[in-house]
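1. turn this into a structure:
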Amino acid sequence: VDSVHEKMERSLEFHECNEMLIKNQSWKYSVAVDTADELIDNGYTVDEAEFIAEKAQDLKFITTKMRTGEFPYERYGNEKGVHFDMYNVDPQDRHAVNNMLLPHWKEFAAALKHFTPAINLLSDEYESYFHFD
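-> Now for the predicted structure:
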């Protein structure tokens, strides 16, 4: 009975993952990812601009992978997940950085809601992780 229940549960997880992939087939990343030069031209400091451009690109990469049911990163051979480095942002730069990255974080949060079926379908030989520095 347990193996039948496990097979049914696994089948449901597979179905949910397929539904997620179908829903996301036409999804496109909706936020512009500005270059550091574009941000500098719009009044950001060099440090702010470089940080924002790099983190926006990182968030786009992670979000896009998650929307296609893929884990963005793998480590130690048996862990799949999401890793995002925020490093220390100078206090005077935090407001500008937070404002510019907010739309990217919203895209990430929406992708995370859709990503649950992929987490549930992850093979038992792997562990999932979410790590934010």
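2. could you point out which element follows the helix or strand bottoming out on mean pLDDT in the chain?
-> Ranking every helix and strand in the chain by mean pLDDT, DSSP states H and E puts helix 2-23 at the bottom, with a mean of 72. Counting by DSSP states H and E, the next helix or strand C-terminal to helix 2-23 is helix 36-41.
3. show me what counts as buried in that next one.
-> Of the residues in helix 36-41, 36, 39-40 count as buried by neighbour count, 16 or more other CB atoms under 10 Å. To be clear about C-beta, it is placed using only N, CA and C from the backbone, and glycine gets the same treatment.
4. need the single longest helix in this structure, by residues.
-> helix 94-121 (DSSP state H).
5. returning to what we had before: report all helices and strands that the least confident helix or strand of the chain contacts.
-> helix 94-121 (3 or more CB pairs under 8 Å, 6 or more residues apart in numbering; DSSP states H and E).
6. okay, the angle between the helix it packs on and helix 2-23?
-> Helix 94-121 and helix 2-23 are oriented at 140 degrees to each other (axes from the mean of the first three to the mean of the last three CA atoms, to 10 degrees).
7. how far does helix 94-121 sit from the chain's center?
-> Taking CA atoms, centre = their mean, to the nearest Å, the mean C-alpha location of helix 94-121 is offset from the chain mean by 6 Å.
8. state the mean pLDDT of that helix.
-> Here helix 94-121 scores 84 as its mean pLDDT.
9. following the chain onward from it, which element is next?
-> Going down the chain from helix 94-121, the next helix or strand is strand 127-132, by DSSP H and E.
10. next, the angle helix 94-121 makes with that next one.
-> Put simply, strand 127-132 runs at 180 degrees to helix 94-121, going by the same axes, to 10 degrees.
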